[in-house]
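K.L.:
Output the structure for:
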Amino acid sequence: DKCALLVMGSEGRDEQIIKTDQDNALIVANDIDVALLRPHMEKFSNELISFGYPPCEGNIMVNNPYWCKRQAEFVKQIEVWLEGNDMDYYMHLAIFFDAKCVAGDQTLFTPLKTKIIKMVKQKDVFMAYFARNSLLFETPINMFSSLRTTNEGSIDIKKGGMFAIVQGVRSLALENGLMENSTVKRIKKLHQLGVLEKEMASELIEAFGLLARLRLKGHIEKQKHGLSLDNMIDITSFGKIERDMLKDSFTIVNSFKKFITHHFRLGHLQ
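P.N.:
Numbering: from 1, shown residues only. Have a look, this model is predicted:
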C-alpha cells in the first residue's frame, strides 16, 4: 500500500505479443526510504529474467533508480521531460504515458498521469515535437503503391507501419487528455470526440489489426524454426490478396502521417 508497480510500453497498452522485454517502474510513497527497496527491485528484475523476460536494452526497469523513486521525484521528472528537448525525454514521457498500474496503490500513479495531461495543454511546441516522432520511419510503399522490401524480400512491420499508428494516436490522446491506454480504445475515443472522422478511425483500426496479426504470425513462424524474434516479415510467400491488404494498410498509414503533420503543424518545425 506504499508503492505502485507499473508496466509500460506495449504491455501497458495491452498490445504485447510474443517478443517482449522488461519495461516497468515503481512509484514509492513520499514517506518511504527508497533505498530500502533497492535490493528487492534488483531481485524482482532478476526473477523476471529467469522467467524469460530479458532486460530492457534502455534499462527501463525497477532496478534502475531512474525508474524507482518517490512520487514527488516522479513529479519533478515529468517537469524535466516536458521542459527538455532531448529525444530520450520524448521517449520516456511516451513510455510513462502508456503505463498501467498492475500492483500496489493506483492512487500513487493517477495524479502523475493527470499532471502530464494538464501540463501539455500549454505546450504546443512540445506536442509538435512529440508527434513528429510518428514520422521517424519511412512507410515501405512507393508512390506507385508498390511494396519496398529488403533484398531478402522482408519488411519491418513495426517501423514500417505500427509505430506510426501507435505514436500518432498516442500524441492525439495526450493532446486531448485521454486516460485510455490501448491504441484501439484511443482511436475510438478520438472519433467520439470528433478528432478523427469515422472513416479514418475505422481504417486505422483495420490497418493496425492487420499489421499486428502479421507481426504475430511472423513471430510464431520464427519460433517454430528456432530463430530469434524480430519485426521483419518475409512477404515473398504472400499471395495477391495478402499483398493488396498490406499495401492498403501502408496507404492508410501514409494518410494518417499526413493528418498528423497537418494537425500538429509539423511543417513549421525546424
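K.L.:
what helix or strand is the residue nearest to E203 when sequence neighbours are not counted on?
P.N.:
Closest residue to E203 apart from its sequence neighbours, by Cβ to Cβ, 6 or more residues apart in numbering: I252 at 4.7 Å. Placement of C-beta: from N, CA and C, glycine included. Assessed by DSSP states H and E, I252 sits inside helix 240-263.
K.L.:
which residues are in contact with stretch 52-68?
P.N.:
Outside stretch 52-68, the residues that touch it by Cβ atoms under 8 Å, 6 or more residues apart in numbering are 5, 8-9, 20-26, 28, 34, 37-38, 41-42, 44-46, 49, 91-92, 95.
K.L.:
From those, keep the buried residues only.
P.N.:
Using 16 or more other Cβ atoms under 10 Å as the burial test, the contacts of stretch 52-68 include 5, 8-9, 21-26, 28, 34, 37, 41, 44-45, 92, 95 as buried.
K.L.:
Could you tell me which of those residues belong to helices?
P.N.:
Using DSSP state H, 9, 41, 44-45, 92, 95 are the members of the buried ones among the contacts of stretch 52-68 that sit in helices.
K.L.:
now those in a markdown table, with pLDDT and distance to M179?
P.N.:
A markdown table is the format used below for these (pLDDT from 0 to 100; distance: Cβ to Cβ, whole Å):
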| residue | pLDDT | distance to M179 |
| --- | --- | --- |
| G9 | 88 | 17 |
| M41 | 96 | 27 |
| F44 | 95 | 27 |
| S45 | 95 | 28 |
| H92 | 94 | 19 |
| I95 | 94 | 16 |
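K.L.:
Of these, which pair is most distant in space?
P.N.:
Spatial extent of these (Cβ to Cβ) is set by the pair F44 and H92 at 20.3 Å.
K.L.:
Now do the helices for the stretch 51-200 of the chain: every range, in order, please.
P.N.:
Using DSSP state H, counting those that start in this stretch, the helices found in the stretch 51-200 of the chain span residues 71-83, 87-97, 110-120, 124-132, 157, 163-175, 183-192, 198-224.
K.L.:
how about the nearest residue to G153, chain neighbours excluded?
P.N.:
Excluding the flanking residues, the one nearest G153 by Cβ to Cβ, 6+ apart is T236, at 3.9 Å.
K.L.:
The one you found and I220, how far apart?
P.N.:
Distance of T236 to I220, given as Cβ to Cβ, to the nearest Å: 17 Å.
K.L.:
Could you check which of the two has the larger neighbour count?
P.N.:
With neighbours defined as other Cβ atoms under 10 Å, T236 and I220 compare such that I220 has more, 12 against 8.
K.L.:
Surely the more buried one and I18 touch.
P.N.:
Yes. Using Cβ atoms under 8 Å, I220 is in contact with I18, at 7.2 Å.
K.L.:
where does the chain dip in pLDDT?
P.N.:
For the chain, applying pLDDT under 70 flags the ranges 19, 270.
K.L.:
80 instead?
P.N.:
Within the chain, the ranges that satisfy pLDDT under 80 run 17-21, 84-85, 143-145, 270.
K.L.:
Counting neighbours, what do you get for E203?
P.N.:
If you count neighbours by other Cβ under 10 Å, E203 ends up with 20.
K.L.:
Equivalent analysis for I187, please.
P.N.:
There are 25 residues near I187, going by other Cβ under 10 Å.
K.L.:
now do the one 3 residues further on
P.N.:
Neighbours of L190 under the rule other Cβ under 10 Å: 22.
K.L.:
Just give the nearest non-adjacent residue to it, would you?
P.N.:
Distance criterion Cβ to Cβ, 6+ apart; nearest residue to L190, sequence neighbours excluded, is L196 at 4.5 Å.
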